[in-house]
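K.L.:
show me how the following folds:
(one chain, ligands or ions: 1)
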Amino acid sequence: MKFSKTFGALYDYFMFFLEKFFLKKRRARLLTGLSGKVLEVGVGTGANFEHYSKDAQVTGIEPSPHMLPRALKKKEVLLFPNRFTLLHTGCGYPEMEKMFELESLDAVVCTLVLCTIPNPEMAMEKFMKWLKPGGKLLILEHIRAHNHYAGKIQDTLNPAWSRVAEGCQLNRATDKLIPESGFRLLRQDRFFIGLPFYEAVYEKPEN
Ligand SMILES: C[S@@+](CC[C@H](N)C(=O)[O-])C[C@H]1O[C@@H](n2cnc3c(N)ncnc32)[C@H](O)[C@@H]1O
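P.N.:
Below you'll find the model as predicted:
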């Protein structure tokens, strides 16, 4: 995938109001209590970093060469920068295969990223393998509307949207994909900010 310099440069400006008035408090609620070994998928410019406590040891991956330097800069002004390892890679990239031991992660964090990664089903399989039993999958994503007509509008807009928004799929039903992948729902909240959004916590079943 080709990553655009303009998208990377404008992303924080484009998201400013959405973050300030809607998403920031949800990020805080999802992430503040996390501890142990955490994978954050597609960290972007690092919007989540300030919400992790010193008890979380975070490995962040980000394939865009235009987002990663911004995330690295954000990491350096944190209270605990040595708790973060940022890597230039992404889901589906060959080097990801051997990055984590089986059942070694306490949590996987996906915020505004499952809409963009090329093969979310395969990503779910990997998360399931890497998470410890009882490990958490934390989600903040926009999703496909359940309303038939709203969903059709998203389908129609999607080709243009995904061109402008660097591969983001406006109509991806992430809220359906996750339980179908075998994760157990702990809590969920649906909300609307121009688009239907989904905040949720899942866990890998203990068996
Ligand atoms: C809309 S941004 C969201 C960034 C960040 N997660 C946030 O919450 O602000 C989507 C991010 O997914 C990244 N991405 C694209 N393909 C990816 C992949 N295969 N694996 C991981 N991240 C990917 C993009 O580079 C971009 O930084």
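
K.L.:
which residue is nearest the middle of the chain?
P.N.:
C110 (2.2 Å; CA atoms, centre = their mean).

K.L.:
that residue looks like it's in a strand, true?
P.N.:
Yes - using DSSP: H, G, I helix; E, B strand; the rest coil, the assignment for C110 is a strand.

K.L.:
show me where the protein has its strands.
P.N.:
36-41, 56-61, 84-87, 105-111, 131-142, 184-192, 196-203 (DSSP state E).

K.L.:
so what are the sheet partners of the first one and their directions?
P.N.:
The one in question is strand 36-41. strand 56-61 (parallel), strand 105-111 (parallel) (DSSP bridges).

K.L.:
just how off-centre is the shortest one within its chain?
P.N.:
Looking back up the chat, that one is strand 56-61. Centroid displacement of strand 56-61 relative to its chain, using CA atoms, centre = their mean, to the nearest Å, is 12 Å.

K.L.:
can you give me the first-to-last residue distance of stretch 23-43?
P.N.:
The straight-line separation of the ends of stretch 23-43 (CA to CA, to the nearest Å) is 15 Å.

K.L.:
count the neighbours of the closest residue to D189 other than its chain neighbours for me.
P.N.:
If the residues on either side of it in the chain are set aside, D189 comes closest to E199, at 4.6 Å by CB to CB, 6 or more residues apart in numbering. Glycine gets a C-beta too; all of them are placed from N, C-alpha and C. E199: 19 surrounding residues under other CB atoms under 10 Å.

K.L.:
quick one, what contacts E199?
P.N.:
Contact analysis of E199 by CB atoms under 8 Å, 6 or more residues apart in numbering lists R26, R29, L30, I139, L140, Q188, D189, F191.

K.L.:
the first one against L138, yeah?
P.N.:
It stands for R26. No - if you go by CB atoms under 8 Å, R26 and L138 don't touch, sitting 10.4 Å apart.

K.L.:
more neighbours: which of the two?
P.N.:
L138 (22 against 17).

K.L.:
list the contacts of the closest residue to Q188 other than its chain neighbours.
P.N.:
Closest residue to Q188 apart from its sequence neighbours, by CB to CB, 6+ apart: A200 at 4.0 Å. Each residue near A200 by CB under 8 Å, 6+ apart is listed here: L138, I139, D175, I178, L185, L186, R187, Q188, D189.
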